[in-house]
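K.L.:
Test case, fold it:
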Amino acid sequence: MTSGSTDYRDSGLVFPESFVFGSATASYQVEGAVREDGRGQSIWDTFSHTPGRVLNGDTGDVADDHYHRVEEDLDLMKRLNLGAYRFSIAWPRIQPTGRGPANQAGLDFYSRLVDGLLERGITPVATLYHWDLPQALEDEGGWTNRETALAFGEYARLVGHALGDRVAVWTTLNEPWCAAYLGYALGEHAPGRTEPRASFQAAHHLNLAHGLAVQALRAVVTNDPQFSVTLNLHALRGDGPTGAEAVRRIDAIGNRVFTGPMLHGTYPADLLEDTASITDWSFVLEGDTEIIHQKLDVLGVNYYSTSLVRMRNGAGDAGGADGHGEFDASPWPSADDVEFLPQPGPFTSMGWNIEPSGLEELLLAVRAEFPEMPLMVTENGVAFEDVVTEGERGRVVHDDDRIDYLRRHLTAAHRALAAGVDLRGYFVWSLLDNFEWSFGYSMRFGIVRVDFDTLERIPKDSAHWYAQLAATRTIPEARLG
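P.N.:
As a prediction, the model looks like this:
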């Protein structure tokens with residue numbers, strides 16, 4: 001296929017020597033051992049044990065048992081030629097109630113993980129928050145409570161003091177959009193609340209936590225790391241004459257609510273106007289945006305699919321204008337008059353459209369708005385229904401569809417790079433099949449299959465494909481051999 005093809009199925013494209021190929025996981029999705037070595041309860045422990053919240057009643061109690069199999073998993077990463085590993089730290093392992101002195105056993109686990117990565121020549125990329133808030137803090141209001149952001153700053157200081165001589169990249173938050181809106185407005189993620197105004201409070205306090213964490217880390221680290229945040233910026237497309245207004249509305253709530261204060265130092269005026277029927281933003285105190293607006297070294301971008309939007313005809317208000325009335329729970333508070341339209345397939349098992357051009361468009365758009373900001377694709381991957389077969393060397397998974405997905409999105413990343421985007425790396429989601437939040441164990445994103453009965457790891461064909469990519473820095477053909 002020629003490099004100018006529109007289907008993004010290129011091969012032979014070469015990435016720069018400095019480009020990082022890694023993979024990523026999240027603590028609650030892989031670690032298990034939820035009641036061991038002093039770990040406290042998180043909101044996801046509570047949520048997953050609440051009947052009806054997670055498919056099949058699945059929980060992260062065991063997950064991939066990464067906590068006990070960390071050496072095996074580190075060796076696996078080495079065999080897959082990973083240049084970096086993006087992991088998250090479980091706040092309740094460090095501070096069981098979200099406050100107080102550090103739990104040494106928790107720090108020791110992540111210290112062993114970081115040392116194991118360095119021993120294998122793999123760069124540690126640490127995320128401080130991937131959604132597992134200590135339940136004790138949620139009992140006090142969670143992210144709607146300003147004190148949670150202040151506590152997060154102290155948590156960052158404790159972790160930075162312990163690991164701040166070895167971690168290469170610090171990411172404060174992963175996808176605060178999900179934590180704020182899926183957790184506090186839609187209710188499909190922990191803590192499962194459906195309160196529109198609370199979701200904006202949560203968004204602001206997550207932003208504040210980000211700024212406080214960067215400040216805390218900078219004060220204690222002793223190496224020269226990079227500081228980052230990872231956002232699932234929405235790749236939006238408008239339909240028809242009202243499409244541009246719909247894109248503006250969703251961009252404000254979904255993207256600029258974070259990039260505004262983090263990267264520009266202020267909340268967008270149109271966001272405040274759009275959401276005035278739900279909140280007056282009085283929880284934003286003087287000096288907050290200055291704290292949030294910290295210098296970053298790289299911006300993490302997560303990408304999976306696109307959204308197609310337009311304004312509804314004869315739409316009403318946001319439902320419950322004071323934030324407490326009757327409404328249909330939505331992850332888009334104040335945007336009930338925006339319609340999300342079906343898009344053409346193919347689709348993943350999650351029902352997401354497969355559109356690699358969206359990744360290229362998104363990276364170019366971020367570069368246009370923030371031309372001096374280096375970028376990194378911190379998550380991109382796909383869930384498909386894998387089939388295990390017996391091969392000459394044991395159990396195998398021939399996941400050609402996943403290889404095709406990765407090949408096309410890496411082609412999109414390469415095209416953005418060639419167009420001038422300062423793109424530093426790509427992290428496939430995920431290293432392992434794992435606990436996929438409200439979908440439980442029904443969705444498999446891993447390039448390594450995990451048998452959830454035996455916990456056996458089985459590298460899929462996509463893992464071998466990705467290992468060749470990482471070793472050669474060149475996009476391989478669709479299949480190896």
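K.L.:
On the pLDDT front, check residue 481 for me.
P.N.:
Turning to residue 481, the model gives it a pLDDT of 47.
K.L.:
same check, this time on residue 118
P.N.:
98.
K.L.:
There's contact between it and residue 165 in this structure, I believe.
P.N.:
No - using CB atoms under 8 Å, residue 118 is not in contact with residue 165, being 10.7 Å away. C-betas here are computed from N, CA, C, even on glycine.
K.L.:
Give me the residues contacting the lowest-mean-pLDDT helix or strand in the chain.
P.N.:
The weakest-scoring helix or strand in the chain, judged by mean pLDDT, DSSP states H and E, is strand 388-391 (a mean of 91). With CB atoms under 8 Å, 6 or more residues apart in numbering as the test, strand 388-391 has contacts from 395-398, 449, 458.
K.L.:
And residue 17, how far from residue 103?
P.N.:
Distance of residue 17 to residue 103, computed by CB to CB, to the nearest Å: 40 Å.
K.L.:
The two: who's more crowded?
P.N.:
residue 103 (19 against 6; other CB atoms under 10 Å).
K.L.:
so what's that one up against?
P.N.:
The neighbours of residue 103, taking CB under 8 Å, 6+ apart as the test, are 37-39, 93-96.
K.L.:
can you name the two of the residues you listed that are farthest apart?
P.N.:
Farthest pair in the contacts of residue 103 (CB to CB) is 37 and 95. Separation: 13.4 Å.
K.L.:
Settle it for me: which of these two has more neighbours?
P.N.:
Shown here are residue 37 and residue 95; by other CB under 10 Å, residue 95 has more neighbours (23 against 13).
K.L.:
does the more buried one really touch residue 41, like I thought?
P.N.:
No - using CB under 8 Å, residue 95 is not in contact with residue 41, being 12.0 Å away.
K.L.:
Overlap in contacts, these two.
P.N.:
By CB under 8 Å, 6+ apart, residue 95 and residue 41 have these common neighbours: residue 134.
K.L.:
which residue ranges form the strands in the stretch 301-450 of the chain?
P.N.:
Taking DSSP state E, counting those that start in this stretch, the strands of the stretch 301-450 of the chain run over residues 306-311, 338-341, 375-380, 388-391, 394-397, 423-429, 448-450.
K.L.:
Spit out the contact partners of the residue located most distally from the centre of the chain.
P.N.:
Going by CA atoms, centre = their mean, the residue of the chain most distant from its centre is residue 392, 36.6 Å out. With CB under 8 Å, 6+ apart as the criterion, no residue contacts residue 392.
K.L.:
ok, it to residue 448 distance?
P.N.:
Going from residue 392 to residue 448 by CB to CB gives 19 Å.
K.L.:
can you give me the helices for the stretch 201-350 of the chain?
P.N.:
Remark: helices assigned in the stretch 201-350 of the chain by DSSP state H, counting those that start in this stretch are 243-251, 257-259, 269-274, 288-292.
K.L.:
Out of those helices, the one nearest residue 218 is which?
P.N.:
Closest approach to residue 218 among the helices of the stretch 201-350 of the chain is made by helix 288-292 (12.5 Å; CB to CB).
K.L.:
Might you report the residue contacts of residue 242?
P.N.:
310-311.
K.L.:
Could you do residue 27 as well?
P.N.:
By CB under 8 Å, 6+ apart, the neighbours of residue 27 are 87-90, 93, 130, 132.
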